[in-house]
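Participant: Need coordinates for the following:
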Amino acid sequence: MYTMDPVELPPQRAAVLAWLRQVLASGQSPSLADIAEAFGFSSRNAARKHVQALVDAGLLEQAPGRKRGLRLPGGAAELLPLAVLGRVAAGQPIGADIGLDQQLWLDRRMFSPRPDYLLKVQGDSMIDDGILDGDLVGVHRTASARDGQTVVARIDGELTIKRLQRTGDSVHLLPRNAAHAPIVVEAGQDFAVEGVYCGLVRQG
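Facilitator: I've put the predicted structure just below:
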């Protein structure tokens, strides 16, 4: 399993990084004055603080002594901004929390397929698959899933992460911990696959 330390950015700093990545990818290297002008900063010092924080986080590189020395580090083009949208149960389903908790920049190589958002795991029902309490799981938004895939499912308005098992017309959501019983989706229940699991990040 590939993991890395997530980088959490304040909204304005995330916007500065997104703008810099776009400009640098086009072959230009903006100065501090350019950044200050683009974001309406009253001085270059504000731009410098953002740039230095991004360099310290490994999201930018800066050639020493050069006015226009900013560049993207190796692999930076693979970074994705992903919102953490509440919690998902690894146990009994819990009510969905759709509030935006934070946004992280994560390496695209951590996930397959590409995730649309992150959810924080609560519970231990998926530990045999290496999904632990407190992990952030990447979710690729889709309403369809294959038998045997790990999915985020909504049951009567509540979310859970489990392995999907379809047998004929019956649907079971299987835990990966012998201490937990499978969830049987009964006829008439409000059930939907919200997305498929596509990787995780473990915060230290």
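Participant: Break this protein into its domains for me.
Facilitator: For the chain, whose domains are defined here by automatic domain parsing, the residue ranges read 8-74, 78-201.
Participant: CSV please, covering the ones you listed and showing mean neighbour count and mean pLDDT.
Facilitator: C-betas here are computed from N, CA, C, even on glycine. Putting the domains of the chain into CSV (neighbours: other CB atoms under 10 Å; pLDDT from 0 to 100) gives the following:
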stretch, mean neighbour count, mean pLDDT
domain 8-74, 15, 85
domain 78-201, 17, 87
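Participant: Is it correct that residue 159 is in contact with residue 121?
Facilitator: No. The pair residue 159 and residue 121 fails to qualify as a contact (CB atoms under 8 Å) at a distance of 10.7 Å.
Participant: Identify the contacts common to those two.
Facilitator: Taking CB atoms under 8 Å, 6 or more residues apart in numbering as the contact definition, residue 159 and residue 121 share the neighbouring residues 87-89.
Participant: export those to CSV and tack on secondary structure and distance to residue 166?
Facilitator: As requested, the shared contacts of residue 159 and residue 121 are arranged in CSV below (DSSP: H, G, I helix; E, B strand; the rest coil; distance: CB to CB, whole Å):
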residue, secondary structure, distance to residue 166
87, strand, 26
88, strand, 20
89, strand, 21
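Participant: which one of these is nearest residue 38?
Facilitator: residue 87 (36.1 Å; CB to CB).
Participant: so residue 153 bridges to which residues?
Facilitator: For residue 153, the beta-bridge partners are residue 160, residue 193 (DSSP bridges).
Participant: And the strands in the protein?
Facilitator: If you assign secondary structure with DSSP state E, the strands in the chain sit at 7-8, 61-62, 70-71, 79-89, 94-95, 100-107, 117-122, 136-141, 150-155, 158-167, 170-174, 183-185, 191-201.
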